[in-house]
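Trainee: The following block contains a protein sequence and its predicted model.
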Amino acid sequence: MKHFFSGILFLTTLTSFAQTDQKLTAQLQAATKGFNGDIGIYVQNLKTGKTVQINADTLFPTASMIKVSILSGLMNKIEKGELQYNQKLVYRDSLLYAGEDILGSFKDKDTIQLSKVAMLMITMSDNTASLWLQKLVGAEYINNWLDANGFKAMRVNSRIPARRPIWEKYGWGVTTPREMCRLFTMIRDGKVVSPAASERMSRTLNRIFWDETALSQIPPYVQTMSKQGAVDASRSETVLVNAPHGDYVFAVITKNNKDQRWTKDNEADVLIKKVSTLLWHYYEPGSKWQPAAGIEKYMLNE
């Protein structure tokens, strides 16, 4: 019996090794060496199944990436008929989350369709829109959906009294690089809520305003799904790329960053761009595409 279990362990180790892209792992380890903070990376070639795992199961703050979970819960309620995609909502001043959000400029009792609030949450990462939808769906409802669908780490923390201690440490949400990629892959495969709901989510996630980091290193004619997250000490991005030679997905999540400047040369933002560049040319070695000369002045999204 002892030899039997040893054999299983040996085969499991071999399988794990076979699924790991050792060459790409080495390149990413070299690219991230010396980063002044903690970093987690998960990459999967969805055609071959090969992966890169660097702190892939470590807990990180999601910042705005948690909004994909909110969208998942919202679509589940729509699928059940508890909400309607195009229903009219009435904005109230009490919903305002201080900042420069588009929805926050609305006047009390203005109306807007739920679909447009969802678009603002993802495309513009509008915090007022996101917290409105989180309240409408229910934070516990979203977390229950995540749990029921096999997510062990990803959770909404904000506005849930029982999760206040973890909210104080991680902020709005918490996840791992692996689970972020798993959620995006499920959407791509039509497995979030329903094929129709997943298709709607895919269309929403492929029209992102905040495209100056990872997305800026991928040709504009290549479709992507993505979501970004940024607070002072954490910059992150998850992207699924419909690349010519096979789809791939990756998440780069950071925390405890020393560089907390909100400038284009922020260390974590530069690193995310570097990783995205490396992955594009690794999976598409024949590509001659490069960002156009002078593009920088058109990437000053604020």
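Mentor: All right, it came through fine.
Trainee: for the stretch 151-300 of the chain, what spans make up the helices?
Mentor: Taking DSSP state H, counting those that start in this stretch to define them, one finds helices in the stretch 151-300 of the chain at 164-170, 177-188, 195-205, 267-283.
Trainee: Can I get these in CSV including mean neighbour count and distance to Asn55?
Mentor: Where you see a C-beta, it was placed from the backbone N, CA and C, and this is true even at glycine. Shown next, in CSV, are the helices of the stretch 151-300 of the chain (neighbours: other C-beta atoms under 10 Å; distance: least, C-beta to C-beta, whole Å):
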stretch, mean neighbour count, distance to Asn55
helix 164-170, 14, 15
helix 177-188, 24, 7
helix 195-205, 18, 24
helix 267-283, 21, 14
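Trainee: can I assume Trp145 sits in a helix?
Mentor: Yes - Trp145 sits within a helix when classified using DSSP: H, G, I helix; E, B strand; the rest coil.
Trainee: so it touches Leu71, yeah?
Mentor: No - the criterion here is C-beta atoms under 8 Å, and Trp145 misses it with Leu71 at 10.9 Å.
Trainee: quick one, strands of the stretch 201-302 of the chain?
Mentor: Ranges of strands in the stretch 201-302 of the chain, per DSSP state E, counting those that start in this stretch, are 224-231, 234-241, 248-255.
Trainee: now the stretch 1-150 of the chain
Mentor: For the stretch 1-150 of the chain, applying DSSP E, counting those that start in this stretch gives strands covering 38-45, 51-54, 60-61, 88-90, 111-113.
Trainee: For Gly171, find the nearest of these.
Mentor: Go through these one by one with C-beta to C-beta and the one that ends up closest to Gly171 is strand 60-61, at 4.8 Å.
Trainee: Neighbouring strands of the closest one in the sheet, and parallel or not?
Mentor: strand 173-175 (antiparallel) (DSSP bridges).
Trainee: outside of the partner strand, which residues touch it?
Mentor: Residues from elsewhere that reach strand 173-175 (C-beta atoms under 8 Å, 6 or more residues apart in numbering): 59-63, 65-66, 69, 153-158, 166, 253.
Trainee: Format the helices of the stretch 151-300 of the chain as CSV; extra columns: distance to Thr32.
Mentor: Shown next, in CSV, are the helices of the stretch 151-300 of the chain (distance: least, C-beta to C-beta, whole Å):
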stretch, distance to Thr32
helix 164-170, 21
helix 177-188, 12
helix 195-205, 25
helix 267-283, 7
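Trainee: how about the ones you listed, which one is nearest Ile218?
Mentor: Judging these by C-beta to C-beta, what sits closest to Ile218 is helix 267-283, at 5.5 Å.
Trainee: distance between the closest one and the chain's centre?
Mentor: Helix 267-283 sits 15 Å away from the centroid of its parent chain (C-alpha atoms, centre = their mean, to the nearest Å).
Trainee: can you start the count at 10 instead of 1 from here on
Mentor: Sounds good: first residue 10 from here, last item helix 276-292.
Trainee: Who are the packing partners of it?
Mentor: Contacts defined by 3 or more C-beta pairs under 8 Å, 6 or more residues apart in numbering; DSSP states H and E place helix 276-292 against helix 31-41, strand 47-54, strand 243-250, strand 257-264.
Trainee: ok, Met130 - contacts?
Mentor: Contact analysis of Met130 by C-beta under 8 Å, 6+ apart lists 76, 79-80, 138-139, 142.
Trainee: rerun that using 10 Å as the cut-off
Mentor: Residues counted as contacts of Met130 (C-beta atoms under 10 Å, 6 or more residues apart in numbering) are 73, 76-77, 79-80, 83, 110, 112, 136-143, 213, 236.
Trainee: Separate out the buried members of those residues.
Mentor: Among these, those classed as buried by neighbour count (16 or more other C-beta atoms under 10 Å) are 73, 76-77, 79-80, 83, 110, 112, 136-143, 213, 236.
Trainee: which ones among those are found in helices?
Mentor: Counting by DSSP state H, the part of those found in helices is 76-77, 79-80, 83, 136-143, 213.
Trainee: Relative to Lys56, which of those is nearest.
Mentor: Closest approach between these and Lys56, by C-beta to C-beta: Val77, at 22.8 Å.
Trainee: All set now, cheers.
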